[in-house]
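# after the sequence you'll find the predicted model.
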Amino acid sequence: MSLLFFKRVLANPVRVGYLVPSSRFLTRQTAKLINFSKARTVIELGPGEGCHTRRILRRMDAGSRLILIELDDHFARHLETQFAHDARVLVVHANALHLAETLGKLGVSEPDYIVSGIPFTIMDRELREQLLANIARAMGPKSRFITYQATIQISTHGLFDLVRREHCLFNIPPLHVMELRKAVVAS
Ligand SMILES: C[S@@+](CC[C@H](N)C(=O)[O-])C[C@H]1O[C@@H](n2cnc3c(N)ncnc32)[C@H](O)[C@@H]1O
């Protein structure tokens, strides 16, 4: 287990959410939902120490880009060092609450995928709703939102329509992996 991850959980248990990084089973299952022949711009929210990032980069084209948005400064610095030599990666030390604005400044609109490890289901309801509204705002009709969570609560959220839902048993804790698109009624 990553010592950095453990230290950041102790420093901020609600924000980091789980005791250990995602397992290789979960990172594989999540990456399988991405169509890499179409994925030009992928956003990862809450990449932590980068276990999903590494898995995504293994399959991503040289011409595609992966924008990592991480709130924790220790994780953000670790990601910057880890991916400094990969031209596909941009690390942004920011709060996903400002996702639409952050992407606007980078000239990104309607990313192909938003992959999120932010533990929505264990956080304060108001914060969760603001984060989800911002994610929906950043999406276009073809964007896909992929998230791994302890409950399936988001799969019935009015801002999104469920495309696919799977379960990963081989993770601590076992998590649901959901692929969502922006609901037609969402603005
Ligand atoms: C459950 S950990 C997931 C880490 C990693 N993706 C994994 O699967 O092991 C949640 C991550 O989301 C980050 N995070 C939480 N709230 C955030 C926010 N509002 N904006 C950006 N990152 C956030 C935390 O700092 C942490 O890195």
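Great, that's in hand. Residues are numbered from 1 along each chain as shown.
# which stretches in the chain count as helices?
3-11, 13-16, 24-31, 51-59, 73-82, 99-105, 125-138 (DSSP state H).
# ok, residues contacting the last one?
Contacts with helix 125-138, where a contact means C-beta atoms under 8 Å, 6 or more residues apart in numbering, come from 43, 45, 96-100, 103, 110-111, 114, 116, 118, 120-121, 145, 154, 157, 159-160, 182-183, 186-187. In short, each C-beta sits where N, CA and C put it, glycine included.
# residues of this structure that sit close to the ligand?
Along the chain, the residues adjacent to the ligand under the rule C-beta under 6 Å from any ligand atom are 15-18, 21-22, 45-48, 51-52, 69-72, 75, 95-97, 117-119.
# of those, grab the buried ones for PyMOL.
A single PyMOL command selects the buried members of these (16 or more other C-beta atoms under 10 Å):
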select buried, resi 15+16+17+18+21+22+45+46+47+48+51+52+69+70+71+72+75+96+117+118+119
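# strands - which of the residues of the chain next to the ligand land there?
45, 69-70 (DSSP state E).
# packing partners of the helix or strand bottoming out on mean pLDDT in the chain?
Lowest on mean pLDDT, DSSP states H and E among the helices and strands of the chain sits helix 13-16, with a mean of 83. Helices and strands touching helix 13-16, as assessed by 3 or more C-beta pairs under 8 Å, 6 or more residues apart in numbering; DSSP states H and E, comprise helix 3-11.
# thanks a lot, see you next time.
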